[in-house]
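Student: predicted model follows, preceded by the sequence.
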Amino acid sequence: MSNDLINSVKQLMQIGKGDSGRLEYILDMLTTGRVLPFSDQKYLENIIPLYLGVHDQESVQRKYEYVTEQQKEIENLTQRLVKLERRGFESYVGKKAVFFFVTVFVGWNALQVYSTAFLNMFLPVSLIQYFFPLNLLVNALNYQIVQFVFTAMMYAWLFIGFIHLARFIRSRKIST
């Protein structure tokens, strides 16, 4: 058995597999007849079948089945992760994007007093009403409602920001 082990170590060194320094040490231990430490025995038990092949057909079949099973499991997990990421990303981006564009739209109309002075330099007064579509509702509603809605949305953005900041800080504390 010792000669087979010595030949296996020499083959590993020839093909360049494994830790060359450790293999030289093991070869020296085996040729001088000294007892290998347990860690080196385990190292050889793991590396010899890996690079030099296993003679036991049953163990080869078990390893093949194990690898196949692990590949299927990885594929299933990858598919689940993609579905979760897609669903979470789409719902997150969808809700926030709609809210963002509504905020911009209402904000544009709420800041009409300041924007009109600037736009008067470039556009005739008759066209400016088309840049502020909520102006058409001013007759039916009070203008203060548009400003109130804009202010409420700005506070909502602050609230959402604080929630995300708290979640971020909490995630950093858990991971460390």
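Tutor: Nice, thanks for sending it over.

Student: flag the shaky bits of this protein, pLDDT-wise.
Tutor: Applying pLDDT under 70 to the chain flags residues 1, 53-61, 87-94, 134-144, 174-176.

Student: if you set the cut-off to 50 instead, what comes out?
Tutor: 1, 176 (pLDDT under 50).

Student: in it, which spans are helices?
Tutor: 2-15, 20-31, 38-52, 57-110, 112-119, 125-131, 135-138, 143-175 (DSSP state H).

Student: now these as a markdown table including mean neighbour count?
Tutor: The C-beta positions use only the backbone N, C-alpha and C, and glycine is treated the same way. Formatted as a markdown table, the helices of the chain follow (neighbours: other C-beta atoms under 10 Å):
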| stretch | mean neighbour count |
| --- | --- |
| helix 2-15 | 14 |
| helix 20-31 | 15 |
| helix 38-52 | 14 |
| helix 57-110 | 11 |
| helix 112-119 | 13 |
| helix 125-131 | 11 |
| helix 135-138 | 14 |
| helix 143-175 | 12 |
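
Student: how far does stretch 111-126 sit from the chain's center?
Tutor: 46 Å (C-alpha atoms, centre = their mean, to the nearest Å).

Student: quick one: end-to-end length of it, please.
Tutor: Using C-alpha to C-alpha, to the nearest Å, one end of stretch 111-126 lies 18 Å from the other.

Student: pick out the residue closest to the middle of this structure.
Tutor: residue 85 (8.7 Å; C-alpha atoms, centre = their mean).
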